[in-house]
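Give me a 3D structure for the following:
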Amino acid sequence: MWTKISLLCIVAVLVQGNKLHEDVYTPLSVNAVSRLLDVDGMIGAQTREKGNVGVLYKIDSEEDLENFKKAPSRSYVAYVNPNMFAYSKDNQRFLAILQDIGVEGVLVYHSEDSPLPFSAGDLIPNEKYGIPMESGAPKWNSAYGGGFGDDKNLGMHWIDINFPIFALNEEDTKTVDKMFDEYNSPGNQNGAKYPMVGVKLEFFMWAAPDAETCMRRQFCDPLGSQSVFGFLRPYQTGDDVVILSAASDAVAMFHDNSYGADGQGAAIVATIAAASVIGQVPMADRENKEIFDKNIMISLFGGEHFGYIGSTAFGFKLKQGTAPSRDGYMNEENIKYYIELDQLVLDSPDFDYIIHTNKSADSIQDALNTYGTTESLTFSSSSVSGIMPPSSYRGLFYEADQARETAEAVVISKYNNAYTNSYFQTRVDNGKNMGVTNVTEDDTVVSTLCKLATTVAQTSLKLALVDGSDYDVTQFTANCSYVKELLQVIMVNQSLAAGMIRENFLPGGVPINRYVGVFSPGALNVFNYYAFYQLAASLAGETKTLSGDDKKECKYAGDARTGTFGGYDYSGSSTWNPITYTINDTHIYCFNSSVAWMDALSPAFNADMSFASRREGKRWSTWTESNWYAGAIDVFLMSNPAQDKAALGGGIAYFIFSFVFVFFFRRNVEFKSAETPSEVARPM
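Coordinates of the predicted model:
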């Protein structure tokens, strides 16, 4: 009985405690800068273990920034306009906040203002990895907002920040604005009186000083992803190849908003669209080596923004004789041509593209110029002769060093010797700010990417043909409506793909987040699923639509794939891939394609995700992500700390006085009790 009563009392206290918390605190959605580490140290931000607390101070102008520097000495959480948050060569506002010792954290509020040019990336991205950047190479990132590090080349994403940074969505911004306007004296924040709006930020990361220490303590996990690839026909050992590739990941300071429209979303669109052109070739022709004596590999490398993880992993497996599979493996001498698409969003209304090469690539350039002319595209050589930009080329061919000397290779972009992307490695590198929202097939960005997809597909097919063949590759062209669909999903609204990817992965109204995250063997993220399905459909030799019990007929071919979902562990054969396009699973499309995915895990790590003994200094990426506590943002009314301290001091004094009083009272006052009840009742 008493046990039940006690339990009920405990439950009542807990419920009342939760109710009190809800009455006092207003919780907000969490979107925070997290903590990453490599062997050189750590980057990013976090809170203290018990959280960071401060009064909200709004900074959305130069005047606010100056007033903030003069604010009374107390802890603040800076409530910052996104354009004040931007830090660049011409805009050092945020640096001033970093240097202010009173900052407990930063909340970046939502704004519809046009973002200022700003990049959180390094001046030379991935400079530590892949083929070393040549002497005299350009400072590629023209929107570079750094000035950090010993050489002043590091961007804000790639440095250690000593306080937490959170971003608010539109709804939470309205909530905070309403409270701020009521209590924090807008226009005279330095003279504001308590109570004022305060914020508690919680996002503690278990990071150690560097990746090696953190991994040893089991506080970190390696970054990684999957590289998705497909072939003109099933790859067989010894097939010479033409590789058409793009980087598939993206990064921003707020990892949940890694959209990368220009870096490299547009390249992904053009690559998948080019695969759909290649897939138009009849399967009988594809498999006829008297027509196509070379295969074509279409590859989307994962983890490229973190030290070329995917391309390095493929190159390493190439050296080991296990790429793309042990049953059908490729040698370095099999790579004959390499075409990579990089940043492609239009910076001007023309159709000019830049070709970067490390040496002569006449066959590729001649084909691009021939087929580009038909599509009204112009290809010009980079003014930086013999130097490749930061790209998957540098990861793959650092490993495949023999192929670097023999294969023709080009990187195609819209920039020459400096990026035209004003938002590289930021969350505003999205479709909206690239002019891609409700596009039509006639819009410039759609039509030019459609033309480019046709051109690179025809070029790849031409290079794969037997020398001297008169096979007409110009009969195969890109479908611009398909290009528009790809653009909408990748750059604007991922929920448009809800019919093929599990619905709970797809919040509406935002692009696909392409941050790589912690590596998990064989596991696909949302983008990997989408890319795999698109390549499977584009390169299918045969397609079935099945429903009911007939769905069981969609099975994988080859023992290497039995019982395994999708294309993990490529078997070197064409396989049936079941793809559900309807949420209620009433029917499936079944594609017979030579498409698969491969672990994109740095060679610096073993398959069990421990550090590999083969690790050679800093040759390979060692990026890891810290484990963390669940994050939280709680907004509340903060009372005057001086009054709180006075109340606490008074309470302690009252307790001490009461204790002393009772002690002396009990010691000096004698209590006597009546011996019998009658004595108590005896009248006076």
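
Setting the sequence-adjacent residues aside, check what's closest to the residue nearest to the spatial centre of the chain.
The C-alpha lying nearest the average C-alpha coordinate of the chain belongs to residue 515 (Cα atoms, centre = their mean; 1.8 Å). What sits nearest to residue 515 in space, not counting adjacent residues and going by Cβ to Cβ, 6 or more residues apart in numbering, is residue 258, at 3.8 Å. C-beta here means a position set from N, CA and C on the backbone, and glycine is covered the same way.

The one you found: neighbouring residues, count only.
Residue 258 has 26 neighbouring residues, counting by other Cβ atoms under 10 Å.

Check it and give its pLDDT.
We have a pLDDT of 96 for residue 258.

Quick check: phi and psi on it?
Main-chain dihedrals, residue 258, degrees, to the nearest 10: phi -90, psi 90.

which ones are touching it?
Residues in contact with residue 258, defined by Cβ atoms under 8 Å, 6 or more residues apart in numbering, are 249-252, 427, 513-515.

Selecting buried members of the residues you listed in PyMOL, what would you type?
Listed next is the PyMOL selection for buried residues among these, using 16 or more other Cβ atoms under 10 Å:
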select buried, resi 249+250+251+252+427+513+514+515
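
so can I have CSV of the contacts of residue 258 showing secondary structure and pLDDT?
Shown next, in CSV, are the contacts of residue 258 (DSSP: H, G, I helix; E, B strand; the rest coil; pLDDT from 0 to 100):
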residue, secondary structure, pLDDT
249, coil, 97
250, coil, 97
251, coil, 97
252, coil, 96
427, coil, 94
513, coil, 94
514, coil, 96
515, coil, 96
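
Distance to residue 264 for the contacts of residue 258 - can I get that in CSV?
Listed next are those as CSV, based on distance: Cβ to Cβ, whole Å:
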residue, distance to residue 264
249, 9
250, 7
251, 11
252, 14
427, 16
513, 15
514, 9
515, 14
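
and which of the contacts of residue 258 is nearest residue 598?
For the contacts of residue 258, the closest approach to residue 598 (Cβ to Cβ) belongs to residue 249, at 14.4 Å.

I figured that closest one hits residue 307, correct?
No. Taking Cβ atoms under 8 Å as the definition, residue 249 is not a contact partner of residue 307, at 11.5 Å.

Residues contacting stretch 212-222, please?
With Cβ under 8 Å, 6+ apart, stretch 212-222 has contacts from 37, 39, 206-208, 211, 518-519, 601-602, 605, 609-611, 622-627.

again, only this time at 6 Å
Stretch 212-222 has contacts (Cβ atoms under 6 Å, 6 or more residues apart in numbering) with 37, 39, 206-208, 518-519, 605, 609, 624-627.

again with stretch 309-329
224, 227, 235-237, 301-304, 330, 392, 395-396, 399-400, 570, 572, 600-603, 621.

Pull out the buried residues from it.
309-318, 323-329.

Check stretch 196-208 too.
Neighbour-count burial for stretch 196-208 [16+ other Cβ under 10 Å]: 196-208.

Using JSON lines, lay out the residues you listed together with distance to residue 177 and secondary structure.
As requested, the buried residues of stretch 196-208 are exported to JSON lines (distance: Cβ to Cβ, whole Å; DSSP: H, G, I helix; E, B strand; the rest coil):
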{"residue": "196", "distance to residue 177": "14", "secondary structure": "strand"}
{"residue": "197", "distance to residue 177": "10", "secondary structure": "strand"}
{"residue": "198", "distance to residue 177": "15", "secondary structure": "strand"}
{"residue": "199", "distance to residue 177": "13", "secondary structure": "strand"}
{"residue": "200", "distance to residue 177": "18", "secondary structure": "strand"}
{"residue": "201", "distance to residue 177": "18", "secondary structure": "strand"}
{"residue": "202", "distance to residue 177": "22", "secondary structure": "strand"}
{"residue": "203", "distance to residue 177": "22", "secondary structure": "coil"}
{"residue": "204", "distance to residue 177": "27", "secondary structure": "coil"}
{"residue": "205", "distance to residue 177": "29", "secondary structure": "strand"}
{"residue": "206", "distance to residue 177": "34", "secondary structure": "coil"}
{"residue": "207", "distance to residue 177": "33", "secondary structure": "coil"}
{"residue": "208", "distance to residue 177": "38", "secondary structure": "coil"}
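
related to what we said a few turns ago, just the ones of the buried residues of stretch 309-329 in helices?
Mapping the buried residues of stretch 309-329 onto helices (DSSP state H) picks out 309-318.

how about a markdown table for those residues, with pLDDT added?
Formatted as a markdown table, these follow (pLDDT from 0 to 100):
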| residue | pLDDT |
| --- | --- |
| 309 | 97 |
| 310 | 97 |
| 311 | 98 |
| 312 | 97 |
| 313 | 95 |
| 314 | 96 |
| 315 | 96 |
| 316 | 94 |
| 317 | 93 |
| 318 | 94 |
